[in-house]
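[1] Could you look at this predicted model? Sequence included:
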Amino acid sequence: MSGVGKGVTVSSIGKILSARGFKLNLMKIDPYLNVDAGTMNPIEHGEVFVLDSGLECDQDMGNYERFLGASVPPENYMTSGMVYKYVIDKERALGYDGKCVDPVPYISEEILRRIKRSTDRSQADISVIEIGGTAGEYQNTIFIEAARILKLRSPDDVIFVLVSYLPIPNKVGEMKTKPTQYAVRTLNSYGVHPEVIIARSERPLDLKRKEKLAFASNVPPANIISAPDVENIYEIPLNFEKDGLSDTLLRLLKLRPRRHDLKDWRALVARMHAVKDKEPLRIGLVGKYFRTGDFVLSDVYLSVIESLKHAAAALARPLVIEWLNALDYEENEDQIKTLSAYHGLLVPGGFGTRGIEGKIKVIKFARETGVPFLGLCYGMQLAVIEYARQVLGLTEAHTTEINPETKYPVIDLMPEQKKNLKNNNYGATMRLGAYPAKLLNGTIARAAYGAAQISERHRHRYEVNPAYLAKLEENGMIFSGRSPDGRLMEIMEMSPAAHPFFLGTQFHPEFKSRPLAPHPLFLAFLRAATERAKLCRIV
Ligand code: GLN
(Lines give C-alpha, C1' and ligand atoms only; values in the text may rest on other atoms or scores of the structure.)
Protein backbone atom coordinates (compact mmCIF):
# COMPACT_ATOMS: atom_id res chain seq x y z
CA MET A 1 0.00 0.00 0.00
CA SER A 2 1.38 3.42 -0.79
CA GLY A 3 2.21 5.60 2.20
CA VAL A 4 2.60 2.61 4.49
CA GLY A 5 6.29 3.31 4.88
CA LYS A 6 7.99 0.93 2.44
CA GLY A 7 10.61 3.56 1.60
CA VAL A 8 11.51 4.20 5.19
CA THR A 9 11.46 0.44 5.82
CA VAL A 10 13.94 -0.18 3.01
CA SER A 11 16.08 2.72 4.23
CA SER A 12 16.03 1.34 7.76
CA ILE A 13 16.92 -2.17 6.58
CA GLY A 14 19.79 -0.52 4.69
CA LYS A 15 20.89 1.23 7.87
CA ILE A 16 20.80 -1.81 10.16
CA LEU A 17 22.57 -4.06 7.66
CA SER A 18 25.28 -1.51 6.97
CA ALA A 19 25.70 -1.20 10.72
CA ARG A 20 26.56 -4.93 10.62
CA GLY A 21 29.50 -4.12 8.34
CA PHE A 22 27.96 -4.87 4.92
CA LYS A 23 27.98 -2.65 1.87
CA LEU A 24 24.39 -1.89 0.89
CA ASN A 25 22.72 -0.93 -2.37
CA LEU A 26 19.13 0.36 -2.23
CA MET A 27 16.93 0.37 -5.34
CA LYS A 28 13.41 1.61 -5.97
CA ILE A 29 10.88 0.49 -8.55
CA ASP A 30 7.89 2.72 -9.28
CA PRO A 31 5.19 1.03 -11.35
CA TYR A 32 3.84 4.18 -13.08
CA LEU A 33 4.30 4.97 -16.77
CA ASN A 34 5.98 8.33 -16.27
CA VAL A 35 9.56 7.93 -17.41
CA ASP A 36 10.69 9.83 -14.32
CA ALA A 37 8.99 11.81 -11.55
CA GLY A 38 9.88 15.17 -13.10
CA THR A 39 6.58 15.96 -14.75
CA MET A 40 4.41 14.89 -11.85
CA ASN A 41 2.44 17.29 -9.70
CA PRO A 42 3.78 16.96 -6.15
CA ILE A 43 0.23 16.82 -4.80
CA GLU A 44 -0.12 13.55 -6.71
CA HIS A 45 3.13 11.94 -5.75
CA GLY A 46 4.88 13.93 -3.03
CA GLU A 47 8.25 15.57 -3.43
CA VAL A 48 10.30 15.12 -6.56
CA PHE A 49 13.76 14.19 -5.35
CA VAL A 50 16.80 14.98 -7.51
CA LEU A 51 19.98 12.89 -7.59
CA ASP A 52 23.48 14.19 -8.30
CA SER A 53 23.08 12.84 -11.83
CA GLY A 54 20.00 15.01 -12.32
CA LEU A 55 17.50 12.14 -12.36
CA GLU A 56 14.15 13.30 -10.98
CA CYS A 57 12.78 10.50 -8.87
CA ASP A 58 10.65 9.41 -5.97
CA GLN A 59 11.07 10.92 -2.52
CA ASP A 60 12.02 7.51 -1.14
CA MET A 61 15.37 7.90 -2.87
CA GLY A 62 15.88 10.84 -0.50
CA ASN A 63 15.22 8.55 2.45
CA TYR A 64 17.75 6.05 1.10
CA GLU A 65 20.38 8.78 0.91
CA ARG A 66 19.56 10.16 4.34
CA PHE A 67 19.62 6.78 6.10
CA LEU A 68 22.70 5.48 4.31
CA GLY A 69 24.51 8.82 4.40
CA ALA A 70 25.54 8.30 0.79
CA SER A 71 24.54 9.45 -2.69
CA VAL A 72 22.49 7.00 -4.72
CA PRO A 73 23.24 6.61 -8.45
CA PRO A 74 20.51 6.86 -11.13
CA GLU A 75 20.71 3.14 -11.96
CA ASN A 76 18.97 2.54 -8.63
CA TYR A 77 15.67 3.94 -9.83
CA MET A 78 13.30 2.32 -12.29
CA THR A 79 9.77 3.09 -13.50
CA SER A 80 7.51 1.08 -15.81
CA GLY A 81 7.77 4.01 -18.20
CA MET A 82 11.57 3.80 -18.27
CA VAL A 83 11.54 0.05 -18.88
CA TYR A 84 8.78 0.03 -21.52
CA LYS A 85 10.25 3.02 -23.35
CA TYR A 86 13.61 1.30 -23.57
CA VAL A 87 12.10 -1.95 -24.85
CA ILE A 88 9.80 -0.23 -27.35
CA ASP A 89 12.61 2.00 -28.66
CA LYS A 90 14.80 -1.07 -29.02
CA GLU A 91 12.04 -2.92 -30.90
CA ARG A 92 11.65 0.03 -33.28
CA ALA A 93 15.39 -0.10 -33.93
CA LEU A 94 15.11 -3.81 -34.86
CA GLY A 95 16.91 -4.66 -31.64
CA TYR A 96 14.98 -7.92 -31.20
CA ASP A 97 15.73 -9.41 -34.63
CA GLY A 98 12.13 -9.59 -35.79
CA LYS A 99 10.86 -11.49 -32.74
CA CYS A 100 7.39 -10.95 -31.24
CA VAL A 101 8.17 -8.75 -28.23
CA ASP A 102 5.88 -9.73 -25.36
CA PRO A 103 6.00 -8.27 -21.83
CA VAL A 104 7.11 -11.70 -20.62
CA PRO A 105 9.99 -12.29 -21.07
CA TYR A 106 11.17 -9.05 -22.70
CA ILE A 107 9.98 -6.58 -20.07
CA SER A 108 10.83 -8.90 -17.17
CA GLU A 109 14.31 -9.55 -18.61
CA GLU A 110 14.86 -5.81 -19.05
CA ILE A 111 13.88 -5.31 -15.40
CA LEU A 112 16.38 -7.98 -14.37
CA ARG A 113 19.07 -6.45 -16.58
CA ARG A 114 18.58 -3.14 -14.79
CA ILE A 115 18.72 -4.78 -11.38
CA LYS A 116 21.96 -6.51 -12.34
CA ARG A 117 23.43 -3.30 -13.74
CA SER A 118 22.73 -1.55 -10.43
CA THR A 119 24.08 -4.34 -8.23
CA ASP A 120 27.21 -4.81 -10.40
CA ARG A 121 27.99 -1.15 -10.35
CA SER A 122 27.50 -0.83 -6.62
CA GLN A 123 29.73 -3.77 -5.73
CA ALA A 124 27.55 -4.08 -2.66
CA ASP A 125 27.24 -7.17 -0.48
CA ILE A 126 23.46 -6.81 -0.27
CA SER A 127 20.92 -5.04 -2.49
CA VAL A 128 17.48 -4.15 -1.18
CA ILE A 129 14.95 -3.60 -3.95
CA GLU A 130 11.70 -1.84 -3.16
CA ILE A 131 8.77 -2.70 -5.42
CA GLY A 132 6.21 0.09 -5.19
CA GLY A 133 2.45 -0.36 -5.08
CA THR A 134 0.23 -2.99 -3.52
CA ALA A 135 0.25 -6.78 -3.82
CA GLY A 136 -2.46 -7.79 -6.26
CA GLU A 137 -2.70 -4.61 -8.28
CA TYR A 138 -2.20 -4.76 -12.03
CA GLN A 139 0.54 -2.10 -12.13
CA ASN A 140 3.37 -3.93 -10.41
CA THR A 141 2.66 -7.53 -11.47
CA ILE A 142 5.48 -7.63 -14.02
CA PHE A 143 8.00 -6.48 -11.41
CA ILE A 144 6.86 -9.21 -9.02
CA GLU A 145 7.18 -11.67 -11.88
CA ALA A 146 10.76 -10.45 -12.43
CA ALA A 147 11.41 -10.91 -8.72
CA ARG A 148 10.09 -14.48 -8.92
CA ILE A 149 12.51 -15.23 -11.76
CA LEU A 150 15.36 -13.67 -9.80
CA LYS A 151 14.69 -16.04 -6.90
CA LEU A 152 14.29 -18.99 -9.26
CA ARG A 153 17.75 -18.32 -10.71
CA SER A 154 19.48 -17.54 -7.41
CA PRO A 155 17.44 -19.28 -4.71
CA ASP A 156 20.08 -18.86 -2.01
CA ASP A 157 20.70 -15.20 -2.66
CA VAL A 158 17.20 -13.76 -2.77
CA ILE A 159 14.65 -13.32 0.02
CA PHE A 160 11.27 -11.64 -0.02
CA VAL A 161 10.13 -9.18 2.62
CA LEU A 162 6.50 -8.06 2.70
CA VAL A 163 5.63 -4.69 4.19
CA SER A 164 1.99 -4.79 5.15
CA TYR A 165 -0.45 -2.66 7.08
CA LEU A 166 -2.50 -4.05 9.95
CA PRO A 167 -5.48 -1.81 10.60
CA ILE A 168 -7.09 -1.28 13.99
CA PRO A 169 -10.67 -0.29 13.14
CA ASN A 170 -11.79 2.37 15.53
CA LYS A 171 -15.05 0.78 16.58
CA VAL A 172 -13.58 -2.72 16.86
CA GLY A 173 -10.40 -1.73 18.67
CA GLU A 174 -8.62 -4.91 17.64
CA MET A 175 -5.69 -5.19 15.25
CA LYS A 176 -6.71 -7.09 12.12
CA THR A 177 -4.35 -9.49 10.38
CA LYS A 178 -6.71 -10.51 7.58
CA PRO A 179 -5.60 -7.98 4.91
CA THR A 180 -2.01 -9.13 5.44
CA GLN A 181 -3.04 -12.79 5.19
CA TYR A 182 -4.60 -12.01 1.82
CA ALA A 183 -1.58 -10.04 0.67
CA VAL A 184 0.56 -13.10 1.41
CA ARG A 185 -1.86 -15.38 -0.48
CA THR A 186 -1.84 -13.01 -3.45
CA LEU A 187 1.95 -13.09 -3.54
CA ASN A 188 1.88 -16.88 -3.18
CA SER A 189 -0.34 -17.06 -6.25
CA TYR A 190 2.43 -15.23 -8.14
CA GLY A 191 4.92 -17.84 -6.98
CA VAL A 192 6.46 -15.48 -4.45
CA HIS A 193 6.69 -16.53 -0.81
CA PRO A 194 7.59 -13.82 1.69
CA GLU A 195 10.00 -14.99 4.36
CA VAL A 196 9.77 -11.87 6.51
CA ILE A 197 6.77 -9.66 7.24
CA ILE A 198 7.15 -6.11 8.44
CA ALA A 199 3.89 -5.49 10.22
CA ARG A 200 3.10 -1.79 10.02
CA SER A 201 0.45 -0.59 12.39
CA GLU A 202 -0.56 2.15 14.75
CA ARG A 203 0.54 0.03 17.71
CA PRO A 204 3.05 -2.78 18.27
CA LEU A 205 2.05 -6.26 17.22
CA ASP A 206 1.28 -8.61 20.14
CA LEU A 207 2.22 -12.28 20.35
CA LYS A 208 -1.31 -13.44 19.61
CA ARG A 209 -1.39 -11.61 16.29
CA LYS A 210 2.11 -12.71 15.44
CA GLU A 211 1.08 -16.31 15.91
CA LYS A 212 -2.10 -15.90 13.90
CA LEU A 213 -0.23 -14.29 11.03
CA ALA A 214 2.52 -16.88 11.19
CA PHE A 215 0.01 -19.72 10.99
CA ALA A 216 -1.86 -18.23 8.04
CA SER A 217 1.13 -17.11 6.02
CA ASN A 218 3.82 -19.75 6.54
CA VAL A 219 6.20 -17.25 8.09
CA PRO A 220 7.71 -18.14 11.48
CA PRO A 221 6.74 -15.72 14.28
CA ALA A 222 10.38 -14.74 14.71
CA ASN A 223 10.36 -13.41 11.14
CA ILE A 224 7.38 -11.16 11.76
CA ILE A 225 8.61 -7.75 12.77
CA SER A 226 6.46 -5.28 14.64
CA ALA A 227 6.67 -1.82 13.10
CA PRO A 228 4.39 0.54 15.02
CA ASP A 229 3.93 4.20 14.09
CA VAL A 230 6.70 6.41 15.45
CA GLU A 231 6.98 10.12 15.92
CA ASN A 232 10.47 10.23 14.52
CA ILE A 233 11.35 8.11 11.47
CA TYR A 234 14.98 7.86 12.56
CA GLU A 235 13.84 5.58 15.41
CA ILE A 236 12.73 2.89 12.98
CA PRO A 237 16.09 1.15 12.52
CA LEU A 238 16.37 0.93 16.31
CA ASN A 239 12.83 -0.47 16.57
CA PHE A 240 13.62 -3.09 13.93
CA GLU A 241 16.61 -4.17 15.92
CA LYS A 242 14.43 -4.63 19.01
CA ASP A 243 12.81 -7.47 17.04
CA GLY A 244 16.21 -8.68 15.83
CA LEU A 245 15.60 -7.89 12.17
CA SER A 246 19.24 -7.71 11.04
CA ASP A 247 19.92 -11.13 12.62
CA THR A 248 16.86 -12.58 10.88
CA LEU A 249 17.81 -11.15 7.48
CA LEU A 250 21.44 -12.26 7.74
CA ARG A 251 20.38 -15.73 8.81
CA LEU A 252 18.04 -16.03 5.80
CA LEU A 253 20.74 -14.72 3.48
CA LYS A 254 23.23 -17.13 5.04
CA LEU A 255 25.63 -14.32 5.76
CA ARG A 256 27.75 -14.40 8.87
CA PRO A 257 26.89 -11.40 11.07
CA ARG A 258 29.72 -8.98 11.51
CA ARG A 259 30.08 -6.14 14.01
CA HIS A 260 27.08 -4.28 15.32
CA ASP A 261 27.49 -0.56 15.26
CA LEU A 262 24.49 1.72 15.46
CA LYS A 263 26.20 3.97 18.00
CA ASP A 264 26.05 7.17 15.97
CA TRP A 265 22.43 6.54 15.11
CA ARG A 266 21.42 5.81 18.70
CA ALA A 267 23.14 9.01 19.78
CA LEU A 268 21.25 10.96 17.11
CA VAL A 269 17.86 9.62 18.22
CA ALA A 270 18.75 10.20 21.88
CA ARG A 271 19.71 13.78 21.04
CA MET A 272 16.40 14.31 19.24
CA HIS A 273 14.56 13.06 22.35
CA ALA A 274 16.63 14.93 24.87
CA VAL A 275 15.87 18.38 23.51
CA LYS A 276 12.14 18.08 24.11
CA ASP A 277 12.05 20.33 27.19
CA LYS A 278 13.89 23.27 25.65
CA GLU A 279 12.16 26.19 23.98
CA PRO A 280 11.36 25.26 20.38
CA LEU A 281 12.41 27.18 17.31
CA ARG A 282 9.31 28.20 15.42
CA ILE A 283 9.80 28.07 11.67
CA GLY A 284 7.15 29.13 9.17
CA LEU A 285 7.25 27.17 5.92
CA VAL A 286 5.42 29.10 3.24
CA GLY A 287 4.01 26.86 0.52
CA LYS A 288 1.07 26.10 -1.65
CA TYR A 289 1.02 22.34 -1.96
CA PHE A 290 -0.38 21.56 1.49
CA ARG A 291 -3.97 20.61 0.91
CA THR A 292 -5.75 17.81 -0.88
CA GLY A 293 -9.45 17.66 -0.12
CA ASP A 294 -9.76 17.67 3.66
CA PHE A 295 -6.21 16.46 4.27
CA VAL A 296 -2.97 18.31 4.81
CA LEU A 297 0.12 17.01 3.07
CA SER A 298 3.62 17.63 4.20
CA ASP A 299 5.30 15.08 1.92
CA VAL A 300 5.71 17.67 -0.80
CA TYR A 301 8.38 19.43 1.24
CA LEU A 302 9.80 16.29 2.80
CA SER A 303 13.50 17.00 2.23
CA VAL A 304 13.13 20.58 3.46
CA ILE A 305 11.44 19.37 6.62
CA GLU A 306 14.05 16.67 7.20
CA SER A 307 16.86 19.19 6.63
CA LEU A 308 15.37 21.47 9.28
CA LYS A 309 15.13 18.51 11.66
CA HIS A 310 18.76 17.53 11.06
CA ALA A 311 19.97 21.05 11.79
CA ALA A 312 17.75 21.43 14.86
CA ALA A 313 19.04 18.13 16.26
CA ALA A 314 22.63 19.29 15.74
CA LEU A 315 21.88 22.53 17.59
CA ALA A 316 20.03 20.56 20.28
CA ARG A 317 16.84 22.57 19.84
CA PRO A 318 13.30 21.30 19.43
CA LEU A 319 11.60 22.47 16.30
CA VAL A 320 8.06 23.48 15.45
CA ILE A 321 7.35 23.79 11.73
CA GLU A 322 4.15 25.53 10.78
CA TRP A 323 2.63 25.27 7.32
CA LEU A 324 1.78 28.73 6.12
CA ASN A 325 -0.45 28.82 3.09
CA ALA A 326 0.98 31.45 0.74
CA LEU A 327 -2.49 32.39 -0.50
CA ASP A 328 -3.44 33.62 3.00
CA TYR A 329 -0.84 36.39 2.82
CA GLU A 330 -1.81 37.91 -0.53
CA GLU A 331 -4.26 40.55 0.68
CA ASN A 332 -4.56 40.30 4.41
CA GLU A 333 -2.28 42.77 6.25
CA ASP A 334 -3.32 41.51 9.70
CA GLN A 335 -2.31 38.03 8.68
CA ILE A 336 1.11 39.30 7.64
CA LYS A 337 1.68 40.82 11.08
CA THR A 338 1.27 37.37 12.66
CA LEU A 339 4.53 36.42 10.95
CA SER A 340 6.50 38.16 13.71
CA ALA A 341 5.75 35.11 15.87
CA TYR A 342 8.27 33.05 13.85
CA HIS A 343 11.97 32.74 14.50
CA GLY A 344 12.58 32.01 10.85
CA LEU A 345 10.66 32.02 7.57
CA LEU A 346 11.41 29.63 4.77
CA VAL A 347 10.12 29.86 1.21
CA PRO A 348 10.82 26.59 -0.61
CA GLY A 349 10.84 25.80 -4.34
CA GLY A 350 7.82 25.84 -6.57
CA PHE A 351 6.36 26.51 -9.98
CA GLY A 352 3.66 28.67 -11.49
CA THR A 353 1.53 31.60 -10.43
CA ARG A 354 -0.61 30.46 -7.52
CA GLY A 355 0.48 31.89 -4.19
CA ILE A 356 3.53 33.79 -5.38
CA GLU A 357 2.32 37.27 -4.47
CA GLY A 358 1.68 35.93 -0.96
CA LYS A 359 5.20 34.52 -0.82
CA ILE A 360 6.58 37.88 -1.98
CA LYS A 361 4.67 39.60 0.85
CA VAL A 362 6.16 37.17 3.35
CA ILE A 363 9.65 37.84 1.97
CA LYS A 364 9.09 41.60 2.21
CA PHE A 365 8.05 41.19 5.83
CA ALA A 366 11.14 39.11 6.60
CA ARG A 367 13.46 41.57 4.87
CA GLU A 368 11.99 44.62 6.58
CA THR A 369 11.63 43.21 10.08
CA GLY A 370 14.82 41.16 10.33
CA VAL A 371 13.21 37.74 10.70
CA PRO A 372 15.75 35.17 9.39
CA PHE A 373 14.83 34.14 5.87
CA LEU A 374 15.86 31.21 3.74
CA GLY A 375 14.67 31.04 0.12
CA LEU A 376 15.14 27.87 -1.88
CA CYS A 377 15.09 28.00 -5.67
CA TYR A 378 11.75 29.73 -6.41
CA GLY A 379 12.11 31.19 -2.93
CA MET A 380 15.37 32.85 -3.97
CA GLN A 381 13.96 34.03 -7.31
CA LEU A 382 10.99 35.61 -5.53
CA ALA A 383 13.36 37.31 -3.06
CA VAL A 384 15.22 38.87 -6.00
CA ILE A 385 11.90 40.02 -7.49
CA GLU A 386 10.84 41.51 -4.15
CA TYR A 387 14.17 43.33 -3.85
CA ALA A 388 13.94 44.67 -7.39
CA ARG A 389 10.41 45.91 -6.79
CA GLN A 390 10.92 47.49 -3.37
CA VAL A 391 14.57 48.47 -3.18
CA LEU A 392 15.35 49.18 -6.83
CA GLY A 393 11.91 50.68 -7.40
CA LEU A 394 11.18 48.46 -10.42
CA THR A 395 7.59 47.91 -9.33
CA GLU A 396 6.71 45.67 -12.25
CA ALA A 397 9.73 43.40 -11.84
CA HIS A 398 8.84 39.77 -12.37
CA THR A 399 9.93 36.38 -13.60
CA THR A 400 9.13 35.58 -17.22
CA GLU A 401 7.78 32.24 -15.96
CA ILE A 402 4.71 34.22 -14.82
CA ASN A 403 4.76 37.32 -16.98
CA PRO A 404 6.63 36.84 -20.25
CA GLU A 405 5.91 40.49 -21.17
CA THR A 406 7.22 42.06 -17.96
CA LYS A 407 9.10 45.33 -18.37
CA TYR A 408 11.72 44.18 -15.85
CA PRO A 409 12.46 40.47 -16.30
CA VAL A 410 14.81 40.12 -13.33
CA ILE A 411 14.33 36.34 -13.49
CA ASP A 412 14.48 34.97 -17.01
CA LEU A 413 15.22 31.93 -19.14
CA MET A 414 18.71 31.19 -20.34
CA PRO A 415 18.81 30.95 -24.17
CA GLU A 416 19.18 27.15 -24.18
CA GLN A 417 15.94 26.83 -22.18
CA LYS A 418 13.96 28.99 -24.61
CA LYS A 419 14.35 26.28 -27.25
CA ASN A 420 13.00 23.55 -24.92
CA LEU A 421 9.84 25.45 -24.12
CA LYS A 422 9.25 26.36 -27.77
CA ASN A 423 9.32 22.66 -28.63
CA ASN A 424 7.10 21.60 -25.67
CA ASN A 425 10.07 19.63 -24.45
CA TYR A 426 9.37 19.56 -20.71
CA GLY A 427 10.61 16.18 -19.44
CA ALA A 428 14.10 16.16 -17.86
CA THR A 429 15.08 19.42 -19.59
CA MET A 430 15.43 21.74 -16.60
CA ARG A 431 18.85 22.53 -15.20
CA LEU A 432 19.07 19.35 -13.18
CA GLY A 433 21.45 17.72 -10.75
CA ALA A 434 24.84 18.61 -9.31
CA TYR A 435 26.72 21.68 -10.51
CA PRO A 436 29.70 23.37 -8.88
CA ALA A 437 29.59 26.91 -7.54
CA LYS A 438 32.28 29.31 -6.33
CA LEU A 439 31.77 31.22 -3.11
CA LEU A 440 32.75 34.80 -2.41
CA ASN A 441 35.07 35.42 0.53
CA GLY A 442 33.71 37.24 3.55
CA THR A 443 30.10 36.18 3.00
CA ILE A 444 27.60 34.23 5.12
CA ALA A 445 27.65 31.40 2.59
CA ARG A 446 31.44 31.17 2.52
CA ALA A 447 31.60 31.05 6.33
CA ALA A 448 28.79 28.50 6.58
CA TYR A 449 30.34 26.05 4.12
CA GLY A 450 33.93 26.64 5.20
CA ALA A 451 34.91 26.01 1.58
CA ALA A 452 35.50 28.12 -1.52
CA GLN A 453 33.91 25.71 -3.98
CA ILE A 454 30.79 23.62 -3.46
CA SER A 455 28.55 21.26 -5.42
CA GLU A 456 24.77 21.37 -5.07
CA ARG A 457 21.74 19.90 -6.82
CA HIS A 458 19.50 21.91 -9.09
CA ARG A 459 16.02 21.72 -10.54
CA HIS A 460 14.94 24.90 -12.30
CA ARG A 461 14.57 26.51 -15.68
CA TYR A 462 14.85 30.18 -14.82
CA GLU A 463 17.85 32.20 -13.59
CA VAL A 464 18.71 35.64 -12.22
CA ASN A 465 18.92 37.82 -15.32
CA PRO A 466 22.54 39.05 -15.67
CA ALA A 467 21.22 42.34 -17.11
CA TYR A 468 20.09 43.34 -13.60
CA LEU A 469 23.13 42.17 -11.67
CA ALA A 470 24.96 45.46 -11.42
CA LYS A 471 21.85 47.29 -10.25
CA LEU A 472 21.00 44.68 -7.63
CA GLU A 473 24.57 44.71 -6.34
CA GLU A 474 24.77 48.51 -6.22
CA ASN A 475 21.72 48.35 -3.98
CA GLY A 476 23.17 45.92 -1.49
CA MET A 477 22.27 42.47 -2.79
CA ILE A 478 25.28 40.16 -2.60
CA PHE A 479 25.67 37.22 -4.97
CA SER A 480 27.91 35.11 -2.78
CA GLY A 481 27.75 31.96 -4.93
CA ARG A 482 28.14 31.79 -8.71
CA SER A 483 28.74 29.18 -11.36
CA PRO A 484 32.49 28.85 -12.05
CA ASP A 485 32.12 30.81 -15.32
CA GLY A 486 30.38 33.58 -13.36
CA ARG A 487 27.25 33.52 -15.55
CA LEU A 488 24.75 32.00 -13.14
CA MET A 489 23.84 33.32 -9.70
CA GLU A 490 23.72 30.47 -7.19
CA ILE A 491 23.42 32.19 -3.80
CA MET A 492 21.98 35.57 -2.88
CA GLU A 493 22.36 37.20 0.52
CA MET A 494 22.19 40.51 2.34
CA SER A 495 25.08 41.80 4.41
CA PRO A 496 24.82 41.09 8.15
CA ALA A 497 24.83 44.86 8.67
CA ALA A 498 21.53 45.11 6.79
CA HIS A 499 19.82 41.93 7.97
CA PRO A 500 20.68 39.17 10.49
CA PHE A 501 20.11 36.38 7.94
CA PHE A 502 18.58 36.83 4.52
CA LEU A 503 19.79 34.21 2.09
CA GLY A 504 18.51 32.37 -0.94
CA THR A 505 19.89 29.59 -3.11
CA GLN A 506 19.12 28.82 -6.74
CA PHE A 507 19.90 25.19 -5.94
CA HIS A 508 18.21 22.82 -3.48
CA PRO A 509 20.42 22.33 -0.44
CA GLU A 510 17.71 20.13 1.10
CA PHE A 511 18.65 17.26 -1.19
CA LYS A 512 22.04 16.93 0.47
CA SER A 513 21.30 17.24 4.17
CA ARG A 514 21.77 14.05 6.16
CA PRO A 515 20.78 13.33 9.77
CA LEU A 516 24.41 12.73 10.69
CA ALA A 517 25.69 15.56 8.47
CA PRO A 518 23.24 18.48 8.54
CA HIS A 519 23.52 20.96 5.68
CA PRO A 520 25.61 24.05 6.52
CA LEU A 521 23.03 26.52 5.20
CA PHE A 522 20.21 24.97 7.24
CA LEU A 523 22.51 25.08 10.26
CA ALA A 524 23.29 28.75 9.62
CA PHE A 525 19.58 29.53 9.17
CA LEU A 526 18.63 27.85 12.44
CA ARG A 527 21.53 29.48 14.27
CA ALA A 528 20.09 32.81 13.17
CA ALA A 529 16.65 31.61 14.27
CA THR A 530 18.12 30.81 17.69
CA GLU A 531 19.32 34.42 17.96
CA ARG A 532 15.89 35.62 16.92
CA ALA A 533 14.29 33.46 19.60
CA LYS A 534 16.49 35.11 22.23
CA LEU A 535 15.48 38.51 20.95
CA CYS A 536 11.77 37.58 21.03
CA ARG A 537 12.15 36.51 24.63
CA ILE A 538 13.69 39.86 25.64
CA VAL A 539 10.94 41.84 23.89
N1 GLN B 1 9.92 27.74 -11.13
C2 GLN B 1 11.29 28.10 -10.99
C3 GLN B 1 12.14 27.68 -12.17
O4 GLN B 1 11.76 26.84 -12.94
C5 GLN B 1 11.86 27.52 -9.70
C6 GLN B 1 11.90 26.03 -9.68
C7 GLN B 1 12.04 25.46 -8.28
O8 GLN B 1 11.79 26.12 -7.29
N9 GLN B 1 12.45 24.22 -8.18
O10 GLN B 1 13.22 28.17 -12.34
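    Great, that's in hand.

[2] near the ligand, which residues of the protein?
    Neighbours of the ligand within the chain, by Cβ under 6 Å from any ligand atom: 349-351, 377-378, 381, 401, 459-462. Any C-beta I mention is one placed from the backbone N, CA and C, and that applies to glycine too.

[3] tell me the contacts of Ala124?
    22-25 (Cβ atoms under 8 Å, 6 or more residues apart in numbering).

[4] Mark which of these are part of strands, please.
    24-25 (DSSP state E).

[5] what's the farthest-apart pair in the contacts of Ala124?
    Phe22 and Asn25 (10.0 Å; Cβ to Cβ).

[6] Contacts for the helix or strand harbouring Phe365, please.
    Following DSSP states H and E, one finds Phe365 within helix 356-369. For helix 356-369, contacts defined as Cβ under 8 Å, 6+ apart pick out 284, 286, 324-330, 336, 339-340, 345, 347, 350, 371-373, 375, 378-379, 382-383, 385-387, 389-390, 402, 494, 499, 502.

[7] Can you list which of the residues you listed are found in helices?
    Secondary structure defined by DSSP state H assigns 336, 378-379, 382-383, 385-387, 389-390 of the contacts of helix 356-369 to helices.

[8] export these to TSV and tack on pLDDT and neighbour count?
    Listed next are the ones in helices among the contacts of helix 356-369 as TSV, based on pLDDT from 0 to 100; neighbours: other Cβ atoms under 10 Å:
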residue	pLDDT	neighbour count
Ile336	92	18
Tyr378	97	23
Gly379	97	25
Leu382	98	25
Ala383	98	27
Ile385	98	25
Glu386	98	22
Tyr387	98	25
Arg389	98	18
Gln390	97	16
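
[9] Just name the shakiest helix or strand of the protein by mean pLDDT.
    Taking mean pLDDT, DSSP states H and E as the measure, the helices and strands of the chain show their lowest mean at strand 295-296, namely a mean of 57.

[10] which stretches of the stretch 101-250 of the chain have low pLDDT?
    Low-confidence segments of the stretch 101-250 of the chain (pLDDT under 70): none present.

[11] I'd like the next helix or strand past the helix or strand where Leu472 lies.
    Using DSSP H and E, the element containing Leu472 is helix 469-474. Next helix or strand after helix 469-474 toward the C-terminus (DSSP H and E): strand 477-482.

[12] on that earlier part again, quick one: common contacting residues for Phe22 and Asn25?
    124, 126.

[13] Just the pLDDT at the residue of the chain most remote from its centre, thanks.
    Distance from the C-alpha centroid of the chain peaks at Gly98, with 42.3 Å (Cα atoms, centre = their mean). In this model, Gly98 is scored at 92, pLDDT.

[14] quick one: secondary structure of it?
    Following DSSP: H, G, I helix; E, B strand; the rest coil, we place Gly98 in the coil state.

[15] Now do it against Thr530, distance only.
    69 Å (Cβ to Cβ, to the nearest Å).

[16] again with Tyr96
    Distance of Tyr96 to Thr530, computed by Cβ to Cβ: 62 Å.

[17] more neighbours, the two?
    Thr530 (18 against 13; other Cβ atoms under 10 Å).

[18] All the strands of the stretch 251-400 of the chain, in order from the start?
    Secondary structure of the stretch 251-400 of the chain (DSSP state E, counting those that start in this stretch): strands at 281-287, 291-292, 295-296, 319-325, 344-347, 373-376, 398-399.

[19] Okay, and Arg117 sits in which element?
    Counting by DSSP H and E, Arg117 is part of helix 108-122.

[20] Same question for that helix: list its buried residues.
    Residues of helix 108-122 classed as buried: 108, 110-112, 114-115, 118-119, 122 (neighbour count, 16 or more other Cβ atoms under 10 Å).

[21] gap between that helix and the chain center?
    24 Å (Cα atoms, centre = their mean, to the nearest Å).

[22] try stretch 71-79
    That offset, for stretch 71-79, works out to 14 Å (Cα atoms, centre = their mean).
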